[in-house]
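Asker: this is the structure alone, sequence omitted:
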């Protein structure tokens, strides 16, 4: 039986036109590839999980495989373990998680099931058969910042952010740098809500920013609320996760979107081919590697400005542009990256400083 | 725009759900039933309110349906605490967890998540709306203006009408009320359902009128703050309204400070509402002036002919 499964797996692999010579170091799947995704929220959450689900549908089409999923698995071991183990018992050998809070459980699962490949979006743990991945969201948000800088008439931009830590702060700084690329006097006022999913706080934050004169509202929170409020008040905004023109077609001029399928496709192909060796420190994906992209451009951005934004996007997609290339100087005048250097990943994750043009609390 | 104008204009958005949920809890608890399920019933009001608004496209009808839905779900709580006499703390907690799952499932299956609804337009109360600083407090949707009316009616009903006095009698001394021929379980059932309707309206306010969309678990713990408010207010509706306004002021001020670039330590700002809650609770506990205001039979199941 096992042989039959194996040969079926090879047949499937060769069907994709892949080499099926198992690399000595790479993970070799036990049985034909069977993929399952574990979602933290419902598939129609309008943001993070929905982006994963859209990637799943594209992957099914491109790879010609069926990908199973389970929704709303909370970030606790007692919930994650049974969900994952049920899939594994039914022959699943590639498990894709979607949450920071899955990190520890995925680590222990990957040790218990060494023949199963584990991937985890926004996770922090890694191993011989576990790879955590996240996007360099500062690249796409830099482009959204350019759009915001171009579209703003007052030069005052607002930004609604979740929690003050590295991966949020790096989008804020990039947003300001992008905005200043188009308007050297642009400023970005930031309000942190302290929550990823609290539309009431996001609404009052957005209103406060608009009342203070901001006419483009950027965001790094999970709901489309800032875009809805921007539209209600006749100002503009930039979205995060997905193309928020779906919710606020008048207001949203640019969105940072997840394109996980671009990354997962190559990873799945490697796993199926048997030459997958996870990066020991996880994969932090640039736009070139898949991960993020933008949906652009809406109102108030003329052809010339759009061309400039798209040129920057092309450079990022080709890997020719570094957002955090030196000199990077913070508000206190400290040089964070010197001329000719690029800010290292460690400094990105720890970012607790802001660049010129950002107005925020400490 | 001026920081103060913007701040004061945003207070009702936060204060109204606290006020309505706290009033609903007070009505239920005056009958002697300890109600901890506000968070869950608010979610029911929120998801059904949005669902109804998407289906019938009439906000007033949607709010009414949300109130009825919360009342219907509260029957489950009534069954647990009145008929089966299960511990009221446990029943309240179970209700919250049940509603969290139920509302997420409903919103997902029906496709109501992230679907914007129209809400209600703002009405300016001229000439109050022209006042400096506080003007925007008087440009709100009609439900905000109804809150004081609802409070006046509730306080009048509780203190000045026969059913209200009987309801309080049931909460103070159910045995005596029973001996006087009052249906204890009937009054408690009514108190649970009326309270749930107001809590459901609080949830619907957040979803249908304030945010104009449904997102899973969007009440974000505000039902628990309402529970704390009731204790803080010593079961007095007017004090609960004042407490709701105080919390509304704090929550509305936080984003204003950040948006206007006033430098404060970020984590201190996040902590402020909870630190103030804690401080107020300690102050209330220490002052103990009217601890008798807690309904005498709060949390005790009624068993007829049992001596207490």
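Answerer: Done, it's in. Note that the structure is a prediction, hence the values are computed from the model and not measured.
Asker: residue A:256 belongs to a helix?
Answerer: No: applying DSSP: H, G, I helix; E, B strand; the rest coil, one finds residue A:256 to be strand, outside a helix.
Asker: any idea how far residue A:74 is from the closest residue to it other than its chain neighbours?
Answerer: Using CB to CB, 6 or more residues apart in numbering or on different chains and skipping residues adjacent in sequence, the residue nearest residue A:256 is residue A:140, 3.7 Å away. All C-beta atoms are positioned from the backbone trio N, CA, C, and that covers glycine. Per CB to CB, to the nearest Å, residue A:140 is found 28 Å from residue A:74.
Asker: so for those two, which residue has more residues nearby?
Answerer: residue A:140 (31 against 13; other CB atoms under 10 Å in any protein chain shown).
Asker: for the more buried one, give me its contacts.
Answerer: Going by CB atoms under 8 Å, 6 or more residues apart in numbering or on different chains, residue A:140 touches A:256-257, A:287, A:292-294.
Asker: likewise for residue B:167?
Answerer: Going by CB under 8 Å, 6+ apart, residue B:167 touches B:27, B:30-31, B:158, B:187, B:190-191.
Asker: can I take it that it is in a helix?
Answerer: Yes: if the criterion is three-state DSSP, then residue B:167 is within a helix.
Asker: what pLDDT is listed against it?
Answerer: pLDDT for residue B:167: 96.
Asker: do the same with residue A:50
Answerer: 92.
Asker: okay, now it: neighbour count?
Answerer: By other CB under 10 Å, the residues close to residue A:50 number 20.
Asker: separation between it and residue B:279?
Answerer: Distance, residue A:50 to residue B:279, by CB to CB: 41 Å.
Asker: nearest to residue B:104, of the contacts of residue A:140?
Answerer: residue A:257 (24.6 Å; CB to CB).
Asker: next, the most centrally placed residue in chain A: phi, psi?
Answerer: Centroid-nearest residue in chain A: residue A:135, 4.2 Å away (criterion: CA atoms, centre = their mean). Reported as degrees, to the nearest 10, the phi and psi values for residue A:135 are phi -100, psi 150.
Asker: can you tell me how far residue A:72 sits from chain B?
Answerer: 6 Å (CB to the nearest CB, to the nearest Å).
Asker: so the closest residue to residue A:69 other than its chain neighbours: helix, strand or coil?
Answerer: Nearest non-adjacent residue to residue A:69, counting by CB to CB, 6+ apart: residue A:37, 4.3 Å away. Assigned by three-state DSSP, the conformation of residue A:37 is strand.
Asker: same check on the one 4 residues further on?
Answerer: Look at residue A:41: counting by three-state DSSP, its state is coil.
Asker: tally of neighbours for it?
Answerer: A total of 26 residues lie near residue A:41 under the criterion other CB under 10 Å.
Asker: which residues of chain B fall in strands?
Answerer: B:123-124, B:139-140 (DSSP state E).
Asker: tell me which of these lies nearest to chain A.
Answerer: Nearest to chain A, of all the strands of chain B, is strand B:139-140, at 12.6 Å by CB to the nearest CB.
Asker: and the closest one, how far out from the chain middle?
Answerer: Its chain's C-alpha centre and that of strand B:139-140 lie 20 Å apart, by CA atoms, centre = their mean, to the nearest Å.
Asker: any low-confidence regions in the stretch 151-300 of chain B?
Answerer: B:288-292 (pLDDT under 70).
Asker: now do residue B:276 against chain A, distance only.
Answerer: Counting by CB to the nearest CB, the gap from residue B:276 to chain A is 15 Å.
Asker: what is the burial count for that residue?
Answerer: 13.
Asker: find the nearest non-adjacent residue to it, please.
Answerer: Spatial nearest neighbour of residue B:276, chain neighbours left out: residue B:250 (6.0 Å); criterion: CB to CB, 6+ apart.
Asker: between the contacts of residue A:140, which is nearest chain B?
Answerer: Of these, the one sitting nearest to chain B (CB to the nearest CB) turns out to be residue A:257, at 15.6 Å.
Asker: quickly list what the closest one is bridged to.
Answerer: residue A:241, residue A:293 (DSSP bridges).
Asker: now do the same contact list for it.
Answerer: By CB under 8 Å, 6+ apart, the contact set of residue A:257 is A:51, A:140, A:241-243, A:292-295.
Asker: same question for residue B:57.
Answerer: So residue B:57 contacts residue B:118 (CB under 8 Å, 6+ apart).
Asker: nearest residue to residue 266 other than its sequence neighbours?
Answerer: Assuming you mean chain A. In space, and not counting its chain neighbours, residue A:266 is closest to residue A:290: 7.4 Å by CB to CB, 6+ apart.
Asker: um, chain B though
Answerer: residue A:361 (4.8 Å).
Asker: quick check, that neighbour in contact with residue B:263.
Answerer: Yes: the criterion here is CB atoms under 8 Å, and residue A:361 meets it with residue B:263 at 5.9 Å.
Asker: quick one: which of the two has more around it?
Answerer: More neighbours surround residue A:361 than the other of residue A:361 and residue B:263, with 19 against 11 (other CB under 10 Å).
Asker: any idea how chain A splits into domains?
Answerer: For chain A, automatic domain parsing gives the domain ranges A:2-136+A:260-289, A:137-257+A:292-359.
Asker: these into JSON lines, with extra columns for distance to residue B:216?
Answerer: JSON lines is the format used below for those (distance: least, CB to CB, whole Å):
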{"stretch": "domain A:2-136+A:260-289", "distance to residue B:216": "6"}
{"stretch": "domain A:137-257+A:292-359", "distance to residue B:216": "8"}
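Asker: of the ones you listed, flag the one that's most buried.
Answerer: Mean neighbour count (mean count of other CB atoms under 10 Å in any protein chain shown) peaks for domain A:137-257+A:292-359 among the domains of chain A, with a mean of 22.
Asker: and it, average pLDDT?
Answerer: 94.
Asker: same question, stretch A:81-92
Answerer: Stretch A:81-92 shows a mean pLDDT of 96.
Asker: just the element for residue A:275, please.
Answerer: Using DSSP states H and E, residue A:275 maps to neither a helix nor a strand.
Asker: list the residues that contact the nearest residue to residue B:37 once chain neighbours are set aside.
Answerer: Nearest residue to residue B:37 in three dimensions, chain neighbours excluded: residue B:95, at 3.5 Å (CB to CB, 6+ apart). Contacts for residue B:95 (CB under 8 Å, 6+ apart) come out as B:36-37, B:40-41, B:73-74, B:76-77, B:80.
Asker: export these as a markdown table, with columns for neighbour count.
Answerer: Listed next are these as a markdown table, based on neighbours: other CB atoms under 10 Å in any protein chain shown:
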| residue | neighbour count |
| --- | --- |
| B:36 | 21 |
| B:37 | 32 |
| B:40 | 31 |
| B:41 | 35 |
| B:73 | 23 |
| B:74 | 28 |
| B:76 | 17 |
| B:77 | 28 |
| B:80 | 18 |
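Asker: turn those into CSV, including pLDDT.
Answerer: Below are the contacts of residue B:95 laid out as CSV (pLDDT from 0 to 100):
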residue, pLDDT
B:36, 95
B:37, 95
B:40, 97
B:41, 98
B:73, 97
B:74, 97
B:76, 97
B:77, 97
B:80, 95
